[in-house]
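Undergrad: Here you go, sequence then predicted model.
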Amino acid sequence: MAVTNDSWRVAPHHPLEALSERVWRVEGTVVRTPLQRVMTIARRSDGGLVVHSAIAVDKPTLSAITALGDVKVIVVPNAFHRLDARVFHARFPDAQVVCPPGARKAVEQVVPVGATYDGLPADPAVELQTLDGTKGREGVMIVRDADGTTLVFNDLVFNMPHVGGVQGFVLRHITGSSGGPRITRIAKLFLIHDRDAVRAHLERLAALPDLRRIIVSHHEVIDRAPGAVLAELARTL
């Protein structure tokens, strides 16, 4: 998804789904692939919205999002998730665009970046962390509310079921992307620089108190024993 749309092109997607009092998601298709992509929305303590991996959505969904609050931050979570960054920022020009420090150069090719994860002011409800051992190319969003803690990963963690066809074969056997929670071969090749550092960071996240769910940018939420799942993924590195 390294290409970028210049107009608001809406691909098929599900309605806005509420996961907690501060967290919502929209799952949509990736044209000509079996992949699903996920936009996550979190509400900060000041009521402003943080949109992680923005997706161009239909009018009813856009209205539902704006009814939640003002979009204050648009998170472009790595260099590959720029598809709708430009048009989403054009729709919400007052929002600040944020990305991991190692992705800034690529993201700025399509949209002006106001800050990287480490330069964003702290908020008790929504936090952006750059993942250790990724050369600043990947991060995680942490959302804390009465329901517990939600982790939002991007391409480091997948949770995709197996699919059929040639593309499904590639995803299952070549890239290692499908078949439940996993760290894909693509992530290990292109995102992870220091496996020990990534493992240690994931283990710290897995031990967070009241960890309720893990949202990934492709496919399904991990909400059954998410801490144990993440700790096991860390052990695969």
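TA: Now that the structure is in, tell me what you want to look at.
Undergrad: Going by C-alpha atoms from here, please, whenever you check contacts or count neighbours.
TA: OK.
Undergrad: And the helices in this protein?
TA: Counting by DSSP state H, the segments of the chain that form helices are 59-66, 85-91, 104-107, 165-169, 185-190, 195-206, 226-235.
Undergrad: Phi, psi for the residue nearest the centre of the chain please.
TA: Note on the chain: the residue nearest the mean C-alpha position is Asn154, at 3.7 Å, using C-alpha atoms, centre = their mean. The phi/psi pair for Asn154 (degrees, to the nearest 10) reads phi -110, psi -100.
Undergrad: Once you drop chain neighbours, what's closest to Thr130?
TA: What sits nearest to Thr130 in space, not counting adjacent residues and going by C-alpha to C-alpha, 6 or more residues apart in numbering, is Gly139, at 4.1 Å.
Undergrad: Over to Glu27?
TA: Computed as C-alpha to C-alpha, 6+ apart, the closest residue to Glu27 that is not its neighbour in sequence is Val38, at 4.5 Å.
Undergrad: In the protein, where is pLDDT below threshold?
TA: Along the chain, segments meeting pLDDT under 70 span 1-2.
Undergrad: Correct me if wrong: Asp94 contacts Ile74.
TA: No - between Asp94 and Ile74 there is no contact under C-alpha atoms under 8 Å: 10.1 Å.
Undergrad: Looking at the two, which is more packed in?
TA: Comparing Asp94 with Ile74 by other C-alpha atoms under 10 Å, the one with more neighbours is Ile74, at 24 against 12.
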